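S.K.: what shape does this take:
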Amino acid sequence: MFNLKVVLALMAAAIVALAAACGGDDDDGDGGGGTQEVVYNLPTPPSVLFYPTLVAEELGFFEEEGVSPELAPASEEVSATAFLDNGDADVSFADVDEIILARSQAGEHTVIFSPQHTNTAGIVVPEDSDIQDISGVAGQKVGLESEESTRFLDAMLETAGVPQDDVETAVVGTSGGLIAQLFEDGEIQAYVGNASDFVALGANEVALRNITPEDVGRIDGNPMAVLPDTLEEKREAIVGFLRAWTKGQYVGQVNPEVVEQIARERVPEEWRNEASGEAALDLAISNMEPDDPERIGDLRPDVWETGQDVLVSAGVLEEGQTIDVQEALDDSLIEEINDWDRAEVEQRAEEYAAGG
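M.R.: Numbering: from 1, shown residues only. Next up is the predicted model:
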């Protein structure tokens, strides 16, 4: 004969065990011990240029923070802030100008983290060029990544007091091989582009020197924006995501060899050309060097004021459209995001390098 009480007890235990097992995969962000999903947007597909996510995934930083990150598909046709407006991403790494323009049009996009304290756009010349700074492009021909780069160049020229009419320009695109040839043939003497364009030039064995005006060069590249309602709803998950990101970013500063090892495995297509891979890695790590290693991602209001001034100088933003920069920035999470053991992360990287 069977004992009914024993059978009922066993059934109850099984139900509890099944519920616990299901709860382990919970991603609804209720803090119940499961992983919380964060959808994020980057300007590119997975790339060494944004190595912190690659490192955080490989070394288990996202997992230990209880976060399941999902990269939203990149799209040149959709602005980074639109990913937030459309609900296609929880957080988005946007350009400074995108965020300022969105807020000038009554957007609520708020910046809570800024990993790159260097402008990823700028103007470069060959390393052996006689041009030493932006004023030296007077009387020269400057190649542009796109027609949109015209305003950016004009703003940089204004900072140096160089009349726009003193500089000839031509849209030459982003092909590293073509731009390298234009430099060699003397068709252009300087080039305005972005980090990925400079990497492509490096892959074509063109050593570059950056002549971007200092103030413009300090403008943050790809700060992270979020909408207030999303931050309130998913605060714990977003903090966890950024804490894992900062750990990955820190590894690049203290153990770049590990970043290279991971990048070669995760994005091998970027290493088909060794020079290109090395150039991208060096540029990414340099762009993500923090002013203060204890406050990775810190916000700098003075830099944002400069960014807004550049937009006004370039004619992208009218004087009456300017925003209160302080209202766009929220650094209240920076301390919490950086609250982790540096030595422990260094050890994790060393163990990975040793095959552990």
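S.K.: dump the residue contacts of residue 165.
M.R.: Listed by C-beta atoms under 8 Å, 6 or more residues apart in numbering, the contact set of residue 165 is empty. Every residue, glycine included, has its C-beta placed from N, CA and C.
S.K.: distance check, it against residue 130.
M.R.: 22 Å (C-beta to C-beta, to the nearest Å).
S.K.: next: residue 213.
M.R.: Here residue 213 is placed at a distance of 18 Å from residue 130 (C-beta to C-beta).
S.K.: go on, residue 296?
M.R.: 38 Å.
S.K.: the more surrounded of those two?
M.R.: residue 296 (26 against 9; other C-beta atoms under 10 Å).
S.K.: which residues of the chain fall in strands?
M.R.: Counting by DSSP state E, the chain has strands at residues 36-41, 67-71, 91-93, 110-113, 121-126, 141-144, 168-171, 190-194, 208-210, 224-226.
S.K.: counting by contacts, list what the first one packs against.
M.R.: Going back to what we said before, that points to strand 36-41. Applying 3 or more C-beta pairs under 8 Å, 6 or more residues apart in numbering; DSSP states H and E, one finds that strand 36-41 contacts strand 67-71, helix 80-85, strand 91-93, helix 235-254.
S.K.: center of this structure - which residue?
M.R.: For the chain, residue 222 is the residue whose C-alpha lies nearest the centre (C-alpha atoms, centre = their mean; 4.5 Å).
S.K.: in this structure residue 80 contacts residue 98, no?
M.R.: Yes. Taking C-beta atoms under 8 Å as the definition, residue 80 is a contact partner of residue 98 at 5.5 Å.
S.K.: more neighbours, the two?
M.R.: Higher neighbour count among residue 80 and residue 98: residue 80, with 24 against 19, using other C-beta under 10 Å.
S.K.: next, count neighbours for residue 275.
M.R.: Residue 275 has 12 nearby residues by other C-beta under 10 Å.
S.K.: ok, and the closest non-adjacent residue to it?
M.R.: Nearest residue to residue 275, sequence neighbours excluded (C-beta to C-beta, 6 or more residues apart in numbering): residue 203, at 5.1 Å.
S.K.: does that neighbour really touch residue 283, like I thought?
M.R.: No. With contact defined as C-beta under 8 Å, residue 203 does not count as touching residue 283 (11.6 Å).
S.K.: got the domain boundaries for the chain?
M.R.: Split into domains by automatic domain parsing, the chain comes to 36-118+220-353, 121-217.
S.K.: want to try TSV for those, with mean pLDDT as columns?
M.R.: Formatted as TSV, those follow (pLDDT from 0 to 100):
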stretch	mean pLDDT
domain 36-118+220-353	94
domain 121-217	92
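S.K.: report how many residues lie close to the closest residue to residue 264 other than its chain neighbours.
M.R.: Nearest residue to residue 264, sequence neighbours excluded (C-beta to C-beta, 6+ apart): residue 271, at 5.2 Å. The number of residues packed around residue 271, counting by other C-beta under 10 Å, is 17.
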